[in-house]
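# one predicted model, sequence on top.
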Amino acid sequence: MVGTQLNWDQYATAWARLHGGFDPRAAAPPVRAWLRFAYHVGYVLGRLRVTPTTVTVVGVLLCFGVPLVATRPQDGPFLGALLVLLASVADSVDGAVAVVSNRTTRLGYVYDSVADRLGEVAWLVAFWLLGAPGALVAAGGGLSWLHEYVRARATSAGMREIGAVTVGERPTRVAVAIVGLLLAGLAGLVEPDLAAGTITMATAVWVLLAGFGLGQLLAAVRGALIDVD
């Protein structure tokens, strides 16, 4: 496998093919830098013969750790934010390992999608444990799941591209989780009761972005599938 690993340009072409034609070389600088970082880490792990599935499992375990540490006094939310960050790195790197070492499979794609959903459930459970209302947490999870479900169903119905890059995509959810946990931790240091209100606001932002993003995606899907019909 080591001898068949892809260079950056080959990787970017293969990555675009797996992501609706979106070329990472043409992405905004922060996105391009993140994807190139994932490529380099994936390249090293590929040379070490680490499998994509191993990286995926590590990412899920990191996510499951978020609700376990989030309620620790003083440093819990900060540790939770760190685990979300590390899990998001693993989420990018597992796909990079698969692409860069020519080990992409349809089954691996399914495993990765399931891992993403399980991870987000764990983050939202942490929000709930820190004081966010259960109904708001459930709404955030439901809207995010529906976002991914609509895209998957539209693709199977004939939509050839990703439809639209919405404000409710997974990177946005990662950012809300990290920033929300950090702010909740800071608020808790000032006054313990403020942590619950802060994480509730973060959950509300998650819900708003997820809802708006779903609307963007539905509009794009409607246009794409009308053209197909």
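Everything's here; your move.
# need the contact list for residue 54.
Not one residue lies near residue 54 by CB atoms under 8 Å, 6 or more residues apart in numbering. Any C-beta I mention is one placed from the backbone N, CA and C, and that applies to glycine too.
# tell me which element it falls in.
If you go by DSSP states H and E, residue 54 is part of helix 52-69.
# with only the CA atoms kept, save that helix in CSV.
The C-alpha atoms that make up helix 52-69 are tabulated as CSV, following Å, rounded to 0.1, in the frame of the first residue of the first chain:
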residue,chain,number,x,y,z
PRO,A,52,-9.2,4.1,8.2
THR,A,53,-11.6,2.0,10.4
THR,A,54,-9.1,2.3,13.3
VAL,A,55,-9.2,6.1,13.0
THR,A,56,-13.0,6.1,12.8
VAL,A,57,-13.3,4.0,16.0
VAL,A,58,-10.9,6.3,17.8
GLY,A,59,-13.0,9.3,16.8
VAL,A,60,-16.2,7.7,18.0
LEU,A,61,-14.6,6.9,21.4
LEU,A,62,-13.4,10.4,21.7
CYS,A,63,-17.0,11.6,21.1
PHE,A,64,-18.3,9.2,23.7
GLY,A,65,-15.9,10.7,26.2
VAL,A,66,-17.4,14.2,25.8
PRO,A,67,-20.5,13.6,28.0
LEU,A,68,-18.4,11.7,30.5
VAL,A,69,-16.1,14.6,31.2
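# for the protein, which segments are assigned as helices?
Using DSSP state H, the helices of the chain run over 8-18, 29-47, 52-69, 76-100, 106-129, 134-156, 170-190, 194-228.
# ok, now how distant is the residue most central in space within the chain from residue 223?
Residue closest to the average C-alpha location in the chain (CA atoms, centre = their mean): residue 170, at 3.8 Å. Distance, residue 170 to residue 223, by CB to CB, to the nearest Å: 22 Å.
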